[in-house]
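*Asks:* Pasted the sequence and its predicted model underneath.
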Amino acid sequence: MSIRVRFAPSPTGALHIGGVRTALYNYLLVKKLGGTFILRIEDTDQTRFVPGAEEYIIETLKWCGIEPTEGIGFGDGEYAPYRQSERKKLYQDYANQLINSGNAYYAFDTPAEIEAMRERLKNESNQSYSLTTRGSMKNSLTLSEKEVKELMESGVPYVIRLKVPENVDVTIDDLIRNTVTFNTNELDDKVLLKADGMPTYHLANIVDDYLMKITHVIRGEEWLPSAGHHALIYKAFGWESAMPRFAHLPLILKPDGKGKLSKRDGKKFGFPVFPLSWNGETEEDSFVGFREMGFDPRAVINFLALLGWNSGTEQEIFSMDELSEKFSLEKINKSGARFDYDKAKWFNQQYIMLTPNEDLAEQLYPLSIAKGFDVTKEYLSIFAGLMKERVVFFNEFLEKGAYFFQKVQAFDDENIKKRWKSENRPKFEELKTFFSTLNFADPLSMEHAVKEWISTSGLKMGEVLPMLRLALAGTMQGPAVFDMSSLFGLDEVQDRLALAFDYFDSIS
RNA sequence: GGUCCGUUCGUCUAUCGGUUAGGACACCAGAUUUUCAUUCUGGGAAGACGAGUUCGACUCUCGUACGGACUACCA
């Protein structure tokens, strides 16, 4: 079975994380079943077009490893162009086809006239432009052929509306929600072609899905209420047999459970809701991305995949290959899933721990150099091994582990004052000298030797080990003292001890 | 308001008529690490409510409540 799916975002700004999940599910399904995945850009609203948004979408998909088989940014295929603005003429022809078959009509009402109609009907349950109101409006159904012709020739703006039939039950067979039924008496006469000659989503989407032979439409739940219209349009064109299967995905909700996750929530709750950072025209419209926060794309994908879908097993960590292997639309949940940032962080930590030290070192290297640290990849590799289970974000390696590359910048004075006894200074000087007898290549033997030394020194373990840690790292947190020492080497360790003991005395 | 969708631990979820309702995140306690983290062990924590169907309902049906989406010449 070869399927054809599409991800069709609008270039109106940064692609929100829910959009990434929609793209992911499309990708996973096509990867599992085999077929074609098209990236189509739905830029029919010229007023909302944002420069850079298209590039953002492409970069996001690449970063996430969600690669369409064809489409904008990924090479043209059989059914190009894939940018709707470049297909304008096509939609006009199809809209006219609907006019000719009596399934659509011209409407000349001004926004003010429509507003007046709504005002008039504000106490009614249905105040839309629909079969109950179309008879009292200014359109080709109420005007004579001659009047319509005159209006059009005089340049009066008009739209083309779908003529929804009366009292018919339209049923959508949704892969996630089973059957959803609408009665046409409740559906409005949607605008198909706008006054500027551009199609609305409803027209463009169906024409393109039909022409591109799309077999499965996987999209957000916000489209479910208009799915009835979409079925009607397929029928109006006589394309019922080619109508794709629908799968309406549950929404990603705010953590506090009040509605769907929106772009503002990132700032409100303190986590990213966009894959990549976005620099909008204003501060308000600029956002930090998962990537810039230090997330591994594999963690983002894994987290997103499990937000509304599960494999039916207790496995939590999945590679993209495993996901596509196990993926199925039937296992997608019906209800919205709340965004859980803690879980996202947990996934990231898991992926950092899973990454081989050498790979981490490879990524850390340029960043270290940029920070002016004089290091080798070998050193970074050992460092990564020591630090990787202590960080959640990639960025934290060099922040939390800065003392691996430079002398301690900030000591934990509080802990030092609490633990340092100046009268023990001579003993610590002895210990410092004792370090020169140790085998720095073997942390374990160092530990044994030092503990042995402590037991004969008259000091307690708890008096010595924490001070060594504080001297080497400045903080009470971090890898094992002897792992650090081994990496630092004898000279560096003695340097740090000397510096630190003076400092300890000075603040005690 | 109307239409449509939904409802299992705080959160993400398993269960597809018979289970001590399982797992994960988060939280708490303990062990390990004389740090932190990791890891391991343990703990608290759930079927919105009401009817019905059935020998038996978290699971099927209906109603109620609550939540959500949509209701633009935006997608």
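*Replies:* The structure has been received and is ready for your questions. Residues are numbered from 1 along each chain as shown, chains lettered A, B, ... in the order given.
*Asks:* what's the strand or helix carrying A:His229 packed up against?
*Replies:* With secondary structure defined by DSSP states H and E, A:His229 is part of helix A:227-237. The contact analysis (3 or more Cβ pairs under 8 Å, 6 or more residues apart in numbering; DSSP states H and E) places helix A:227-237 against helix A:88-100, strand A:159-162, strand A:169-174, strand A:178-183, helix A:201-211. In short, each C-beta sits where N, CA and C put it, glycine included.
*Asks:* now do 7 Å
*Replies:* In terms of contacts (3 or more Cβ pairs under 7 Å, 6 or more residues apart in numbering; DSSP states H and E), helix A:227-237 is packed against strand A:159-162, strand A:169-174, helix A:201-211.
*Asks:* what does the second one rub up against?
*Replies:* The list of residues contacting strand A:169-174 from outside it, by Cβ atoms under 7 Å, 6 or more residues apart in numbering, reads A:179-184, A:227-228, A:231-232, A:246-248.
*Asks:* let's see 8 Å
*Replies:* Contact partners of strand A:169-174, identified using Cβ atoms under 8 Å, 6 or more residues apart in numbering, comprise A:179-184, A:187, A:224, A:227-228, A:231-232, A:245-248.
*Asks:* same deal with stretch A:327-340?
*Replies:* Outside of stretch A:327-340, the residues within contact range by Cβ under 8 Å, 6+ apart are A:17, A:25, A:28-29, A:31-32, A:175-177, A:218, A:221, A:247, A:249-255, A:257, A:260-261, A:265, A:271, A:273, A:305, A:307-312.
*Asks:* quick one on the thing from earlier: considering the contacts of strand A:169-174, which is situated nearest to A:Leu386?
*Replies:* A:Ala247 (45.7 Å; Cβ to Cβ).
*Asks:* Show the contacting residues for the closest one.
*Replies:* Applying Cβ under 8 Å, 6+ apart, the residues near A:Ala247 are A:25, A:174-176, A:216-219, A:329, A:332.
*Asks:* Now do stretch A:184-194: everything it contacts.
*Replies:* Contacts of stretch A:184-194 (Cβ under 8 Å, 6+ apart): A:44, A:91-92, A:95, A:98, A:104-105, A:107, A:126, A:128-132, A:134, A:159-170, A:199-200, A:202-203, A:226, A:228-229, A:232-233.
*Asks:* And A:Asp196, how far from RNA strand B?
*Replies:* 6 Å (Cβ to the nearest atom of the strand, to the nearest Å).
*Asks:* okay, now that residue: neighbour count?
*Replies:* 12 (other Cβ atoms under 10 Å).
*Asks:* In contact with it, which residues?
*Replies:* Counting by Cβ under 8 Å, 6+ apart, A:Asp196 makes contact with A:Gln46.
*Asks:* Next one: it from A:Gln92, what distance?
*Replies:* According to Cβ to Cβ, to the nearest Å, A:Asp196 and A:Gln92 sit 11 Å apart.
*Asks:* give the contact list for the nearest residue to A:Leu39 once chain neighbours are set aside.
*Replies:* Leaving out its chain neighbours, the residue that sits closest to A:Leu39 by Cβ to Cβ, 6 or more residues apart in numbering is A:Gly71, at 3.1 Å. Contact analysis of A:Gly71 by Cβ under 8 Å, 6+ apart lists A:6, A:37-41, A:77, A:82.
*Asks:* mind listing which of those residues are in strands?
*Replies:* Using DSSP state E to define strands, the subset of these located there is A:6, A:37-39.
*Asks:* For the stretch 401-508 of chain A, just list every one of the strands.
*Replies:* With DSSP state E, counting those that start in this stretch, there are no strands along the stretch 401-508 of chain A.
*Asks:* Excluding chain neighbours, what is closest to the residue of it found nearest RNA strand B?
*Replies:* RNA strand B sits closest to A:Met461 of the stretch 401-508 of chain A, with a gap of 1.1 Å, by Cβ to the nearest atom of the strand. In this structure, A:Met461 finds its nearest non-sequential neighbour in A:Ile454, 5.8 Å apart by Cβ to Cβ, 6+ apart.
*Asks:* what's around the one you found, how many residues?
*Replies:* A:Ile454: 19 neighbours (other Cβ under 10 Å).
*Asks:* ok so, going back, rank the helices and strands packed on helix A:227-237 by pLDDT, which is bottom?
*Replies:* Ranked by mean pLDDT, the helices and strands packed on helix A:227-237 end with strand A:169-174 at the bottom, a mean of 94.
*Asks:* could you give the angle of that strand to helix A:227-237?
*Replies:* For strand A:169-174 against helix A:227-237, the angle by axes from the mean of the first three to the mean of the last three Cα atoms, to 10 degrees is 110 degrees.
*Asks:* Give the other helices and strands that the host helix or strand of A:Glu55 contacts.
*Replies:* Using DSSP H and E, A:Glu55 maps to helix A:53-64. On a contact count with 3+ Cβ pairs under 8 Å, 6+ apart, helix A:53-64 meets helix A:17-33, strand A:35-39, helix A:297-305.
*Asks:* ok, 7 Å please
*Replies:* helix A:17-33, helix A:297-305.
*Asks:* any chance of those helices in TSV, plus distance to RNA strand B, mean pLDDT and mean neighbour count?
*Replies:* As requested, those are exported to TSV (distance: least, Cβ to the nearest atom of the strand, whole Å; pLDDT from 0 to 100; neighbours: other Cβ atoms under 10 Å):
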stretch	distance to RNA strand B	mean pLDDT	mean neighbour count
helix A:17-33	9	97	23
helix A:297-305	9	98	24
